[in-house]
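Student: Sharing a model prediction with you, sequence too.
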Amino acid sequence: MQQEVAVVNELGLHARAAAVFVAEANRFRSRIEIVRGADRVDGKSILGILTLIAPKGTMLTLVTDGPDESAAIEALVALVADKFGEGR
Amino acid sequence: MSVCTGVAVSHGIAVGAALVIGRFELEVPHYRVEEEELRAEWRRFHRARRQAREEIQALRDDTAGKLGKKYAAIFDAHRMILDDRKLSRETMEGIRDQRMNCEWALAKTVHRLLSVFEKVDDPYLRERGGDIADVHQRLQRILASQSNHQAKPLNLTEDTVVVAHALLPSDAIWLHQERIVGFVTEEGGKTSHTAILANALEIPAVLGVEGIADEVRHGEEVIVDGFHGKVAISPSIEMKQEFLGAREEFERIGRGLDDAHGPVETVDGVELTIAANIEFPEEMKTVKRVGGYGVGLYRSEFLFLATAPKLPSEDDHYQAYKRIAAAAEGRRVIIRTLDLGGEKYFHKVLAKGEANPVMGLRAVRFCLSRPDIFRAQLRGLLRVASEFGNVWILVPMISGVAEWRRVRAFCDEITSELAAEGVQLSAVPLGPMIEVPSAALCAGDLAKESDFLAIGTNDLLQYTLAVDRGNRAVAYLSNPWHPAMLRLLRETIVAGRRADIPVSLCGEMASDPLGALTLLGLGLLSFSCNPVMISEVRSVLREASEANAREVMLAAMDLDDGEQIRRFVEEAFSPLIRRVIGDELAGRTRSET
């Protein structure tokens, strides 16, 4: 499965946001990848996400593949849209 | 193109690509791992990760308590970076496939990851790599503290000038390789460890250049002028030609001054020996080229630094000394036992927190307090000396007869020990270094129980005048022509003659034509200089008359003012020095004394 999502939080995909994303992604058994243009990284690897260097406004495509792929994509898209929980 | 200025500490002119090193990068050792060590290397990486995880957890808890959970979350990110499979996988591949040690493999992996950040224009986003770098530094620090591998040299493929904030004594092991042609540092002065190292390696060096590590970019062409203390960054073609022209001139003079291999005799037929001071067995190559009459001082400290944090074993000692003894081809080699302590070197085994280390537990005092360390060194030395017959053992910082007897007794004990083990032994000359004023004043008594004496002028001067010449505020007082210094030198030389034992002298005074002529006038026959200075000193001594030098010094010692004596000696000897080595070099030599 795949779905597009915009990075909307002020700081973009910085280390803390990436950590939150990875923690969430690791709750699922499916393979999770983040695609931006020609770059494709492992969504369960913080190093992969950090090296995407995605500031606010970046469009990302989340790709999930596995037994819980739909639950995973739903949770992760929500997390990015929710500014990685930073507002709370 | 720009030119910076610093302190010239080691002669010569070098051109090379800059290798800019921060403290941190320098601490990443590079070496090849053997097949059977691969597992151990991988375990080492895992252990370091475990410790890093504990540290990060502690930081997280601490931060959460003090600043709140939100701030502490950054350490969750750090823990994830640490545990990231990409990091461990690529590091492991480096170890396994390319046989890199884990520090090196890790650094490579991290640099690859961080390279994407360097391409980003926005400085704010570029900083994002900081968390990865932070975790990397933590791991490297942990690895460095638990490593007992010695660093092995980088594999350099072009002439390289090392540009650094500062260099540590333990860095010597890295820096000692052919493609490194010059040093430039922000810290350090004439008597710093780096200066000694640069001289030992015959590498031009300029130290104390403010801000140079930020000024120069990696790979940029740099010229180091170790005569004038200048560093040219990205020089123009004209400037480069000018520097290289000066270098050729120096090399021509350095090579062509005199016959390197014939006997050394003054014009009035007094035979002299000119030997070399060295720190590495590898320097024997240079010593042979410049024709040094063997080795007047081998400083064994670097052997200790090379094996740090482990102590060298008896076999480490044996192997190193054997190389020198063999390379000397029968010529005399004076090996000084461990002189750790004081301002030049430091090591973990030394007592920490001494209020006044220069007068503390160093050199022979340290050795007698650690018989295990002294024993390994003496055993290695005695074995090589018996095997080759050209090795003499010199013991530094002896302060009096009682101490000297303890050393002799300890040495006898080890000799019997070796004999009992069936090692073939021969009589090995043993002598005290005369570098403490009390030893110089008692030189007659020491001479009776010694096979030779070796004077060390650097420490003798410092202790006699109570002057640290590295301290700019008092350096002007550091005058080897002070009458007290000259009297101690004369007394020691005379004491050796009376006891009919050789007296050798090492130290800067012997590495300078004016100093060497002064010493000749005081009766010295055996000189030991820095290899680069051998040709100059030897060619001047060959043109000198011993009788005349004695007359000059006899008259000089009637004077009571050190400054006046210096001027008097300069006036008497400078025509000879100028005639032999030319105006430019003579001027340079004098201004640096």
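Tutor: Everything's here; your move. Model, not experiment: these values are computed from the prediction.

Student: Just give the closest residue to the closest residue to chain A within the stretch 201-350 of chain B, not the sequence neighbours.
Tutor: Nearest residue of the stretch 201-350 of chain B to chain A: residue B:218, at 22.0 Å (CB to the nearest CB). Every C-beta, even on glycine, is put in place using the N, C-alpha and C of the backbone. The spatially closest residue to residue B:218, leaving aside those adjacent along the chain, is residue B:20, at 5.1 Å (CB to CB, 6 or more residues apart in numbering or on different chains).

Student: Residue B:72 too?
Tutor: Per CB to CB, 6+ apart, closest to residue B:72 is residue B:64, 3.7 Å.

Student: In which helix or strand does the one you found reside?
Tutor: Counting by DSSP states H and E, the element that carries residue B:64 is helix B:38-67.

Student: tell me what that helix is packed against?
Tutor: helix B:69-83, helix B:85-98, helix B:102-118, helix B:130-146 (3 or more CB pairs under 8 Å, 6 or more residues apart in numbering or on different chains; DSSP states H and E).

Student: circling back to that earlier point, does the residue nearest to residue B:72 touch residue B:74 like I think?
Tutor: No - when contacts are counted by CB atoms under 8 Å, residue B:64 is not listed as touching residue B:74 (10.8 Å).

Student: Please identify which of these two sits among more neighbours.
Tutor: Shown here are residue B:64 and residue B:74; by other CB atoms under 10 Å in any protein chain shown, residue B:74 has more neighbours (19 against 15).

Student: How about the contacts made by the more buried one?
Tutor: Applying CB atoms under 8 Å, 6 or more residues apart in numbering or on different chains, one finds that residue B:74 lies in contact with A:15-16, B:63, B:131.

Student: out of the residues you listed, who has the most neighbours?
Tutor: residue A:15 (25 neighbours).

Student: the helices in chain A, which residues?
Tutor: A:15-25, A:46-50, A:69-81 (DSSP state H).

Student: Which of the ones you listed sits closest to residue B:565?
Tutor: helix A:15-25 (68.1 Å; CB to CB).

Student: if we can go back for a sec, so what's the residue of the stretch 201-350 of chain B closest to chain A scoring on pLDDT?
Tutor: On the pLDDT scale, residue B:218 is placed at 82.

Student: do the same with residue B:109
Tutor: Residue B:109 is assigned 92 on the pLDDT scale.

Student: again, but for residue B:535
Tutor: pLDDT, read off for residue B:535, is 86.

Student: Can you name every helix or strand that the host helix or strand of it contacts?
Tutor: Here residue B:535 sits within helix B:534-543, counting by DSSP H and E. Applying 3+ CB pairs under 8 Å, 6+ apart, one finds that helix B:534-543 makes contact with helix B:237-256, strand B:264-265, strand B:271-278, helix B:513-521, strand B:526-529, helix B:562-581.

Student: Now mean neighbour count, distance to chain A and mean pLDDT too, for these, in TSV please.
Tutor: Listed next are those as TSV, based on neighbours: other CB atoms under 10 Å in any protein chain shown; distance: least, CB to the nearest CB, whole Å; pLDDT from 0 to 100:
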stretch	mean neighbour count	distance to chain A	mean pLDDT
helix B:237-256	13	40	76
strand B:264-265	16	65	93
strand B:271-278	23	48	93
helix B:513-521	26	60	97
strand B:526-529	27	55	95
helix B:562-581	18	60	94
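
Student: would CSV of the ones you listed with distance to residue A:73 be doable?
Tutor: Formatted as CSV, the helices and strands packed on helix B:534-543 follow (distance: least, CB to CB, whole Å):
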stretch, distance to residue A:73
helix B:237-256, 62
strand B:264-265, 87
strand B:271-278, 70
helix B:513-521, 82
strand B:526-529, 77
helix B:562-581, 82
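
Student: Which of the ones you listed sits closest to residue B:472?
Tutor: helix B:562-581 (18.4 Å).

Student: List of residues touching that closest one?
Tutor: B:253, B:257, B:479, B:481-483, B:485-486, B:513-514, B:517-518, B:536, B:539-540, B:543-544, B:549, B:552-553, B:555-557, B:559, B:586, B:589-590.

Student: Pull the distance from it to the chain's centre.
Tutor: Here the centre of mass of C-alpha atoms in helix B:562-581, compared against the chain's by CA atoms, centre = their mean, to the nearest Å, lies 30 Å away.

Student: and the residue lying closest to residue B:6 once chain neighbours are set aside, how many neighbours does it have?
Tutor: Nearest non-adjacent residue to residue B:6, counting by CB to CB, 6+ apart: residue B:209, 3.5 Å away. Look at residue B:209: counted by other CB under 10 Å, it has 23 neighbours.

Student: ditto for the one 3 residues further on
Tutor: By the criterion of other CB under 10 Å, residue B:212 has 23 neighbours.

Student: In contact with it, which residues?
Tutor: By CB under 8 Å, 6+ apart, the neighbours of residue B:212 are B:4, B:6, B:163, B:184-186, B:231.

Student: separation between residue B:128 and residue A:58?
Tutor: 13 Å (CB to CB, to the nearest Å).

Student: so which strand or helix has residue B:392?
Tutor: Counting by DSSP H and E, residue B:392 is found in strand B:391-395.

Student: Would you mind naming what in chain B lies close to chain A?
Tutor: Applying CB under 8 Å from any CB of the partner chain, we find that chain B lies next to chain A at B:73-74, B:76-78, B:80-81, B:84-87, B:113, B:116-117, B:120, B:122, B:125, B:128-129, B:131-132.

Student: 7 Å instead?
Tutor: B:73-74, B:76-77, B:80-81, B:84-87, B:113, B:116-117, B:120, B:125, B:128, B:131-132 (CB under 7 Å from any CB of the partner chain).
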